[in-house]
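K.L.:
compute the structure for the input listed below.
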Amino acid sequence: MAQFTSDGLTLAYDEFGPPGAAKAIVLVHGFSSNKYENWKRMGWYDAIAGKGLRGFALDCRGHGESAKPHDAALYDRRAMARDVFALLDQAGVERAHLLGFSMGAHIALTAALEEPSRVDHLVVAGVGGRIFEPPRDPEGMAKAMEAASPDAIEDPMLKSFRHFADEQKEDRLALAACSRGPREPITRDALAAIRRPTLVIAGNRDQLAGPPQGLADAIAGARAVTLPGCDHFSMIAHGLFKASVFDFFDGWLE
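P.N.:
Residues are numbered from 1 along each chain as shown. Down below sits the predicted model:
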């Protein structure tokens, strides 16, 4: 297991693909998931290596094999974006493409706003127009992770996240802290500053994300893809997810 340090936390990552490749990409997983479940098991490592890219996938703080503090202050969204750049520093990479899913998409967008010179192309998935809406229940996810049993959770989406966290044997108190982490709302005005080629992908049944076009419209030149017949969770394994990403990539990997 490869590791690096960011903000004093030890974080785990995988590297794959040709080490001498001219282009690199970082994969950032979703909430309660990890680099293996979100990316490796779904065939992304092999697909990216097949494109001749040097690939990296980290376990975000609080997840997988990385440090799992229970202090919400350590999950500031900008700090989690800096973890991406700390990984690049560890690898000696100045600039990389970013692919983030759900929470990872929020981190990738934040990274593109914080240090745009280090981001090449940007793919954000499992997010859409609802990113601009305030959460209906800001404490809901944390309470779902802290609940004694999933049976006590009424909201079906929150229950799904809790079941998934249990299946992955994640530290639920770390996830609760992560969900309470400080973050500034992502606004249309802020996203107007992004000048990187961007792709936004979401399922047409993804009630958490909303339509991807609603987010793409806020980023100059961004493209949107709606995956048919899938929701927030099922899009991970949807064949058109990977196909859409590489269709987007094909224009600049030649």
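
K.L.:
any stretches of this structure with poor pLDDT?
P.N.:
Along the chain, the model assigns pLDDT under 70 to residues 251-254.

K.L.:
what about 80?
P.N.:
Per-residue confidence for the chain (pLDDT under 80) gives these ranges: 1, 251-254.

K.L.:
all helices of it, in order?
P.N.:
Under the criterion DSSP state H, the chain contains helices at 35, 44-50, 77-91, 103-114, 140-146, 156-167, 172-179, 188-191, 212-216, 239-253.

K.L.:
may I see the buried residues of the fifth one?
P.N.:
In this case it means helix 140-146. For helix 140-146, the neighbour count (16 or more other Cβ atoms under 10 Å) marks G140, M141, A142, K143, A144, M145 as buried. Glycine gets a C-beta too; all of them are placed from N, C-alpha and C.

K.L.:
tell me if I'm right that the third one and S179 touch.
P.N.:
This points to A142. Yes: assessed by Cβ atoms under 8 Å, A142 is found in contact with S179 at 4.6 Å.

K.L.:
that older thread, got the helices of the chain as CSV, with distance to R205 columns?
P.N.:
Formatted as CSV, these follow (distance: least, Cβ to Cβ, whole Å):
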stretch, distance to R205
helix 35, 26
helix 44-50, 22
helix 77-91, 26
helix 103-114, 17
helix 140-146, 20
helix 156-167, 12
helix 172-179, 23
helix 188-191, 24
helix 212-216, 13
helix 239-253, 14
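
K.L.:
so what touches stretch 167-184?
P.N.:
The contact list for stretch 167-184 (Cβ atoms under 8 Å, 6 or more residues apart in numbering) reads 31-34, 37, 60-64, 68-78, 80, 106, 139, 141-143, 145-146, 162, 165-166.

K.L.:
are any of those buried, and if so which?
P.N.:
Buried members of the contacts of stretch 167-184, counted by 16+ other Cβ under 10 Å: 31-34, 37, 60-64, 68-69, 74-77, 80, 106, 141-143, 145, 162, 165.

K.L.:
list the contacts for G214?
P.N.:
Per Cβ under 8 Å, 6+ apart, neighbours of G214: G128, G129, R130, F132.

K.L.:
any chance of those in CSV with distance to T198 and neighbour count as columns?
P.N.:
Below are the contacts of G214 laid out as CSV (distance: Cβ to Cβ, whole Å; neighbours: other Cβ atoms under 10 Å):
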residue, distance to T198, neighbour count
G128, 13, 26
G129, 15, 19
R130, 17, 16
F132, 16, 15
